[in-house]
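Engineer: fold the following and give me the result.
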Amino acid sequence: MTVPVEGYLGDGSWEYLTRLYLFELNNPGDPSTFTLTSPGFLTLNQRDSTEGIWGEKRAILHEEAVFWTIGQTVLSSLWDNPQNTTVTPPP
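Structural biologist: Below is the predicted model of the structure:
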């Protein structure tokens, strides 16, 4: 499951960014052992995108890959390694 989140980074820089958080539902059929875990998130900030971060957003999950489009910018990573995200700017 993925959840998109946008807002200002609260570290004093007030940089606006958008993130796609990744979540795994473990043992959903058994409430006594159900857990929610996260391998991390994909991030796009204003510095990383030539067209900004304001475009329409879509997340695509394909096997172990995550693709996230923001306008014409595409972010891609493997599910278990979102820290190693590739940002492909528009042509």
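
Engineer: CA only for contacts and neighbour counts going forward, please
Structural biologist: Noted.

Engineer: hang on, R47 in a strand?
Structural biologist: No. Secondary structure of R47 (DSSP: H, G, I helix; E, B strand; the rest coil): helix, not part of a strand.

Engineer: from now on call the first residue 57
Structural biologist: With 57 as the first residue, the last one maps to R103.

Engineer: identify the bridge partners of the residue nearest in space to the middle of the chain.
Structural biologist: By CA atoms, centre = their mean, the chain has its centre lying nearest to L76, at 2.3 Å. Assessed by DSSP bridges, L76 has beta-bridge partners P60, L98.

Engineer: for the residue of the chain positioned farthest from its centre, give its distance to N82.
Structural biologist: Using CA atoms, centre = their mean, the residue of the chain lying farthest from its centre is S88. It sits 28.9 Å away. According to CA to CA, to the nearest Å, S88 stands 11 Å off from N82.

Engineer: which SS class is N140?
Structural biologist: strand.

Engineer: so for the closest residue to it other than its chain neighbours, what's the pLDDT?
Structural biologist: Nearest residue to N140, sequence neighbours excluded (CA to CA, 6 or more residues apart in numbering): S133, at 6.3 Å. pLDDT for S133: 97.

Engineer: help me confirm that S133 comes into contact with F123.
Structural biologist: Yes. Assessed by CA atoms under 8 Å, S133 is found in contact with F123 at 6.8 Å.

Engineer: before we move on, the earlier item: list the residues that contact the residue nearest to N140.
Structural biologist: If a contact means CA atoms under 8 Å, 6 or more residues apart in numbering, then S133 has L98, A121, V122, F123, Q139, N140, T141, T142 as its contacts.

Engineer: got the residues you listed as CSV, with distance to E112, pLDDT and neighbour count columns?
Structural biologist: As requested, these are arranged in CSV below (distance: CA to CA, whole Å; pLDDT from 0 to 100; neighbours: other CA atoms under 10 Å):
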residue, distance to E112, pLDDT, neighbour count
L98, 16, 95, 24
A121, 20, 97, 14
V122, 17, 97, 22
F123, 14, 97, 19
Q139, 23, 94, 14
N140, 23, 94, 12
T141, 19, 93, 17
T142, 19, 93, 14
